[in-house]
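Asker: Here is my input; please provide its structure:
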Amino acid sequence: MLRTRHTFDGIALASHLQPIYSLPHQREVGYEALLRGEADGESSSRPLISPFELFAKAIVEGSVARLDRMSHAAHLASAASRLPDATWLFLNINPATFTAPGYAAELAALARERGLAPERIVIEVLESGGSQLDRIAHATRAYRAEGFLVAVDDFGAGHSNIDRLLTLKPDIVKLDRSLVRTQGAHLRDALLPKLVGLLHESGMFVVAEGIETEADLFLAARSNVDFVQGFLFGQPAPELPPRSEARPLFERTFDTLADVRRSERLASDLLLMPYRSRLTEAASRIAQGASTASACAALLALPCTVSSFFLDARGREFTPALPGAAAKAPSERFSPIADSSSGRWDNRDYFVEALATPERVFISAPYLSVTGTSLCVTLTVAVRRGAKVVVVGTDVDWRLLSGPAADIL
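Answerer: Below you'll find the predicted structure:
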């Protein structure tokens with residue numbers, strides 16, 4: 001093991017590194033420095049002391065700030081000779097140390113002294129709620145001014161809050177392993193990709209921590225995270241693993257994801273084909289002047305059709321919607337939103353996309369109907385009816401339709 005000259009109460013502090021990989025680049029782009037200790041600083045046969053034990057000792061002694069700063073010195077000294085070119089060093093920092101006046105400049109000076117530019121260092125801080133938001137936001141600006149990147153660690157655990165995150169505006173967000181390893185299908189398959197999308201739109205890179213299996217890696221890739229880290233790629237170690245050793249894992253994951261997406265698209269197209277065909281026929285008949293009821297009779301008779309609706313160019317119903325074979329009786333619980341006839345729907349993607357590409361059927365992703373009755377997919381097509389453009393649409397009960405094909409979808 002590589003020794004350092006930094007000791008804390010007789011414990012030699014050592015730096016172990018765990019690689020962080022970029023999914024699109026399929027290679028290491030950084031290493032998280034993780035603290036370890038040896039009781040006598042000499043015997044390699046003794047078990048290592050974990051950071052939890054070290055900081056527990058420091059809490060009892062009231063010396064957390066001293067240990068935190070010493071750990072940074074140890075990590076920087078160790079990384080100076082080991083960190084590969086064009087990679088980041090991720091440094092964990094206690095919130096109290098992070099917000100200490102002047103520490104950003106002090107740490108930047110120490111990094112430069114060790115031959116590391118602050119621009120190559122990512123400062124990981126735990127955003128744990130409480131009343132420190134203003135101080136953490138101010139400190140984030142100070143570290144950025146010195147050249148550091150700033151990451152929020154363990155987002156999704158404890159008091160994590162999107163509003164606080166958007167106030168801090170870190171460069172990188174590290175998702176807590178609980179988000180990746182959740183057994184809840186809805187969170188795993190639907191919410192996580194949307195969370196990652198929101199963070200991307202807010203200008204942040206995303207790291208998925210706790211990647212332990214190829215299934216975890218697949219979820220991370222499917223959710224479009226930028227970087228991954230975890231035991232699947234090896235334990236933190238004093239020596240760096242051979243670079244690009246994990247490339248075969250990424251290749252398998254991306255190949256599997258491409259196959260799954262092709263299968264899902266094919267299955268979705270096959271399932272929705274009758275509805276798409278009947279909607280096209282119905283819209284054509286409506287354009288020729290047929291009544292909505294007669295034009296949509298075959299579409300409404302399909303087993304998973306919830307309703308057909310008809311919107312003018314401003315997104316308002318110009319004639320009442322018609323119930324289909326899968327229509328449900330209004331629920332008392334959702335009665336305030338059951339009647340959609342007075343609504344305006346021109347802000348919906350299914351309306352915007354249909355109007356932008358007349359006579360082409362647009363198919364939405366599954367979503368909860370605004371009436372609260374079902375998870376549905378909406379198909380729409382814009383056609384000209386006399387002198388006016390209208391949008392003809394149909395809602396399909398997605399759970400009812402996709403249930404038999406669940407293994408594929």
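
Asker: Just give the closest residue to Arg384, not the sequence neighbours.
Answerer: Leaving aside its chain neighbours, Arg384 sits nearest to Ala287 (6.0 Å; criterion: C-beta to C-beta, 6 or more residues apart in numbering). (Glycine included, C-beta is placed from N, CA and C.)

Asker: Just give me the neighbour total for that neighbour.
Answerer: Ala287 has 19 neighbouring residues, counting by other C-beta atoms under 10 Å.

Asker: Please read off the pLDDT at it from the model.
Answerer: On the pLDDT scale, Ala287 is placed at 96.

Asker: Make sure it is actually in contact with Arg385.
Answerer: Yes. Using C-beta atoms under 8 Å, Ala287 makes contact with Arg385 at a distance of 5.5 Å.

Asker: Identify the bridge partners of Thr378.
Answerer: Taking DSSP bridges as the rule, Thr378 bridges to Asp395.

Asker: That one and Val306, how far apart?
Answerer: 9 Å (C-beta to C-beta, to the nearest Å).

Asker: swap in Arg384?
Answerer: In this view, Arg384 and Val306 are 26 Å apart by C-beta to C-beta.

Asker: Give me the neighbour count for Ala297.
Answerer: Applying other C-beta under 10 Å, we find 16 residues neighbouring Ala297.

Asker: Likewise for Gly147?
Answerer: Applying other C-beta under 10 Å, we find 15 residues neighbouring Gly147.

Asker: what residues are up against the nearest residue to it once chain neighbours are set aside?
Answerer: Nearest-residue entry for Gly147: Pro118, 3.6 Å, with adjacent residues in sequence omitted and distances by C-beta to C-beta, 6+ apart. With C-beta atoms under 8 Å, 6 or more residues apart in numbering as the criterion, the residues that contact Pro118 are 107-108, 111-112, 146-148.

Asker: and for Thr378 and Val306, which residues touch both?
Answerer: Counting by C-beta under 8 Å, 6+ apart, the residues touching both Thr378 and Val306 are 394-396.

Asker: JSON lines please, covering those and showing pLDDT.
Answerer: Output for the shared contacts of Thr378 and Val306, formatted as JSON lines (pLDDT from 0 to 100):
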{"residue": "Thr394", "pLDDT": "97"}
{"residue": "Asp395", "pLDDT": "96"}
{"residue": "Val396", "pLDDT": "96"}
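
Asker: Quick one: buried ones out of those?
Answerer: Buried members of the shared contacts of Thr378 and Val306, counted by 16 or more other C-beta atoms under 10 Å: 394-396.

Asker: And these, which is closest to Gln18?
Answerer: Lowest distance from Gln18 to these (C-beta to C-beta) belongs to Val396, with 46.1 Å.

Asker: The closest one against Pro274, yeah?
Answerer: No. Using C-beta under 8 Å, Val396 makes no contact with Pro274, being 9.9 Å away.

Asker: Quick check: the closest residue to Gly230 other than its chain neighbours vs Trp345, distance?
Answerer: With C-beta to C-beta, 6+ apart as the criterion, Gly230 has its nearest non-adjacent residue at 3.2 Å, and that residue is Ile211. From Ile211 across to Trp345, the span is 41 Å (C-beta to C-beta).

Asker: Comparing these two, which residue is more hemmed in?
Answerer: Taking neighbours as other C-beta under 10 Å, Ile211 and Trp345 compare with Ile211 leading, 25 against 20.

Asker: ok but Arg71 is inside a helix, no?
Answerer: Actually, residue 71 is Ser. It isn't Arg. Yes. The assignment for Ser71 by DSSP: H, G, I helix; E, B strand; the rest coil puts it in a helix.

Asker: quick one: it and Gly37 touch, right?
Answerer: No. Under the criterion of C-beta under 8 Å, Ser71 is not in contact with Gly37, lying 9.7 Å apart.

Asker: Who has more neighbours out of the two?
Answerer: Using other C-beta under 10 Å, the more surrounded residue of Ser71 and Gly37 is Ser71, with 27 against 24.

Asker: residues contacting that one?
Answerer: Contact analysis of Ser71 by C-beta under 8 Å, 6+ apart lists 6, 13, 35, 51, 92.

Asker: cool, Leu355 as well?
Answerer: Leu355 makes contacts with 313, 346, 382, 389, 391, as judged by C-beta under 8 Å, 6+ apart.

Asker: any idea which helix or strand carries it?
Answerer: helix 349-356 (DSSP states H and E).

Asker: Give the rounded mean pLDDT of that helix.
Answerer: 96.

Asker: Show me what the next helix or strand after that helix is packed against.
Answerer: Moving toward the C-terminus from helix 349-356, the next helix or strand (DSSP H and E) is strand 362-363. The elements that strand 362-363 packs onto, with contact taken as 3 or more C-beta pairs under 8 Å, 6 or more residues apart in numbering; DSSP states H and E, are helix 247-287, helix 349-356, strand 375-385.

Asker: which other residues reach the next helix or strand after strand 362-363?
Answerer: Toward the C-terminal end, the helix or strand that comes next after strand 362-363 (DSSP H and E) is strand 367-368. Identification of contacts with strand 367-368 by C-beta under 8 Å, 6+ apart yields 374-378.

Asker: neighbouring strands for strand 367-368, and are they parallel or not?
Answerer: Sheet pairing of strand 367-368 (DSSP bridges) gives strand 375-385 (antiparallel).

Asker: which regions of this protein sit below the pLDDT cut-off?
Answerer: Where the chain drops to pLDDT under 70, the residues are 1-5, 40-46, 127-131, 158-160, 182-188, 370-373, 405-409.

Asker: May I see the domains of it written out as residue ranges?
Answerer: 7-232, 276-405 (automatic domain parsing).

Asker: one step back: name the residues contacting each of Ser71 and Gly37.
Answerer: Leu13.

Asker: quick revisit: state the distance from the residue nearest to Gly147 to Gln26.
Answerer: 27 Å.

Asker: Alright, that wraps it up for me.
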